[in-house]
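**Student:** any chance you can model this:
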Amino acid sequence: MTGTTVVFIHGTGVREPRFTALAGKVRASLDAERSGLRFVPFYWGDTHGATLGAGGASLPPSTGQSRTLASGYGDDITAWGILYDDPDAELALAAAAAPPKTERPPGAARPEQTVRLRLGELAAQGDAAAAELGPGLADAATKLAAHPLLAPAAAALAPEDLAVLLARALTARVIAAALDADQPLISDGDTRDSVATRLAEALGAPPAGSGRTLRGRLLRIATGAAARAVLRRRRALTEAAHPAAGDILRYLSRGEPLRAELRALIGKLPTPVVLIGHSLGGIIALDTLVGAPLPQVRLLVTAGSQGPFLYESGSLPSLTHPQPLPSYVPDWLNLYDPRDLLAYLGAGLFPGRVTDVSVDSRQPFPAAHSAYWTNPAVYRHIVDRLP
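**Tutor:** Predicted coordinates for the structure are as follows:
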């Protein structure tokens, strides 16, 4: 008797070598929850993904739009969204509160001297202290140690508060760099907070060190801008202003060869088969299952998928509202993060056929859209429903 085969289908903008890293993470996390699974990665990016043949000549210049998208979802998460947009935001606020410069007694140490040394020690360790977030900690620590705002911030804050602030700045710099590089794996909020706590302690904060006062001040200044940025960013994501959007446009106009390739792959696999699709990958999986019966497939899992929205808006290639979901389409588990502006619900459109499950990565958008695969809850929900 063969075990369950899991086919993983990636989303927009993913190319090698990032796909191998993403698939490796998904495989390892599933194996940790249930042994004996057969994992089959379905990589379509090179063959069926969009390319900019003229080197991006059609793209307008960058508008520098903010990533500050999480408003009304909790102060801490909003604050992290602000820091991903500007990792030095809290540092600048602290520096602005510095007292006037006074002459120091001869031989007196500068307030920032100790933390500057500790930042250097972190940089010397490489990226190991924040390995869960990806590369970049050593570079971030080096730059922060030489930052011109470090001295005034150190003069304004108690050492333990400065340590917490700098730990958050380091963490935000690493995650912001990953977002800029379109990395498909972004840590969830618990992992991020654990790293920030570890870094704070390395920089001199006690285990119970807190940065609540600065977070509150930052949020009061930025809440209105955050709300406006949500609308601006959602509009930007619906326009073809980023190369990854080309994958969606190409699929919607020329998706049949991709679906045919997926059908052929499924036809060679032993029963039972489970399809797991992220973002556009979920749309591809849904369209393929609607297009023709594939009895080997016993479960469809989508995460951060726009399939329900495309169906309701009349844009899904295989099915138009109000047509019902064909009876041969298997059970559908739809995972969504409430902060992921690219995730939609299906249960209200297909009563009794779709199970919508909320998973909270504790990340603001757009990080929330890439944090599914580092969230342990995602794998538990999937494994609980595997045939």
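**Student:** can we go C-alpha only for contacts and neighbour counts from here?
**Tutor:** Noted.
**Student:** ranges for the strands of the protein?
**Tutor:** 5-9, 38-42, 273-278, 297-303, 331-336, 354-358 (DSSP state E).
**Student:** distance to residue 380 and mean pLDDT for the ones you listed - can I get that in TSV?
**Tutor:** As requested, those are arranged in TSV below (distance: least, CA to CA, whole Å; pLDDT from 0 to 100):
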stretch	distance to residue 380	mean pLDDT
strand 5-9	15	98
strand 38-42	16	98
strand 273-278	14	98
strand 297-303	12	98
strand 331-336	11	98
strand 354-358	12	98
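**Student:** I'd like those laid out as a markdown table, including distance to residue 256 and mean neighbour count.
**Tutor:** Shown next, in a markdown table, are the strands of the chain (distance: least, CA to CA, whole Å; neighbours: other CA atoms under 10 Å):
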| stretch | distance to residue 256 | mean neighbour count |
| --- | --- | --- |
| strand 5-9 | 15 | 24 |
| strand 38-42 | 15 | 18 |
| strand 273-278 | 17 | 25 |
| strand 297-303 | 19 | 25 |
| strand 331-336 | 22 | 24 |
| strand 354-358 | 24 | 18 |
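**Student:** for the record, mean pLDDT for stretch 10-27?
**Tutor:** For stretch 10-27, mean pLDDT rounds to 95.
**Student:** what is the neighbour count of the closest residue to residue 37 other than its chain neighbours?
**Tutor:** Distance criterion CA to CA, 6 or more residues apart in numbering; nearest residue to residue 37, sequence neighbours excluded, is residue 4 at 5.4 Å. Neighbouring residues of residue 4 were enumerated by other CA atoms under 10 Å; the total is 20.
**Student:** over to residue 270?
**Tutor:** Counted with other CA under 10 Å, residue 270 comes out at 14.
**Student:** quick check: it vs residue 331, distance?
**Tutor:** Separation of residue 270 from residue 331 (CA to CA, to the nearest Å): 18 Å.
**Student:** so, low pLDDT: which residues of the stretch 251-387 of the chain?
**Tutor:** Scanning the stretch 251-387 of the chain for pLDDT under 70 picks out no residues.
**Student:** could you pull out the helices in it for me?
**Tutor:** Using DSSP state H, counting those that start in this stretch, the helices of the stretch 251-387 of the chain run over 256-267, 280-291, 307-312, 367-370, 376-385.
**Student:** pick the most deeply packed of those.
**Tutor:** helix 367-370 (a mean of 27; mean count of other CA atoms under 10 Å).
**Student:** using CSV, write down the CA coordinates of it.
**Tutor:** The C-alpha trace of helix 367-370 is given here as CSV (Å, rounded to 0.1, in the frame of the first residue of the first chain):
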residue,chain,number,x,y,z
ALA,A,367,4.9,39.6,4.9
ALA,A,368,1.7,37.7,5.9
HIS,A,369,1.4,36.5,2.3
SER,A,370,4.7,34.7,2.4
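**Student:** residues in contact with that helix?
**Tutor:** 179, 183-186, 188, 304, 337, 339-343, 361-362 (CA atoms under 8 Å, 6 or more residues apart in numbering).
**Student:** change it to 6 Å
**Tutor:** With CA atoms under 6 Å, 6 or more residues apart in numbering as the contact definition, helix 367-370 has outside contacts at 184-186, 340.
**Student:** most neighbours among those residues, please name it.
**Tutor:** residue 186 (28 neighbours).
**Student:** picking up where we left off before, export the strands of the chain to CSV and tack on distance to residue 118?
**Tutor:** Shown next, in CSV, are these (distance: least, CA to CA, whole Å):
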stretch, distance to residue 118
strand 5-9, 42
strand 38-42, 42
strand 273-278, 40
strand 297-303, 40
strand 331-336, 40
strand 354-358, 40
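**Student:** which among those is found nearest to residue 83?
**Tutor:** strand 331-336 (23.7 Å; CA to CA).
**Student:** list the helices and strands that closest one packs on?
**Tutor:** strand 297-303, strand 354-358 (3 or more CA pairs under 6 Å, 6 or more residues apart in numbering; DSSP states H and E).
**Student:** name every strand pairing with that strand and say which way it goes.
**Tutor:** Paired strands of strand 331-336, with direction, are strand 297-303 (parallel), strand 354-358 (parallel) (DSSP bridges).
**Student:** before we move on, the earlier item: and the helices and strands packed on strand 331-336: which comes nearest residue 78?
**Tutor:** Of all these, strand 354-358 comes closest under CA to CA, at 19.1 Å.
**Student:** ok so, going back, out of the strands of the chain, nearest to residue 325?
**Tutor:** strand 354-358 (9.9 Å).
**Student:** ok and that closest one relative to helix 376-385, angle-wise?
**Tutor:** 150 degrees (axes from the mean of the first three to the mean of the last three CA atoms, to 10 degrees).
**Student:** sorry, back to before: residue 163 is nearest to which of the strands paired with strand 331-336?
**Tutor:** strand 354-358 (34.2 Å).
**Student:** so how far is the closest one from its chain's centroid?
**Tutor:** Here strand 354-358 is found 19 Å from its chain centre; the criterion is CA atoms, centre = their mean, to the nearest Å.
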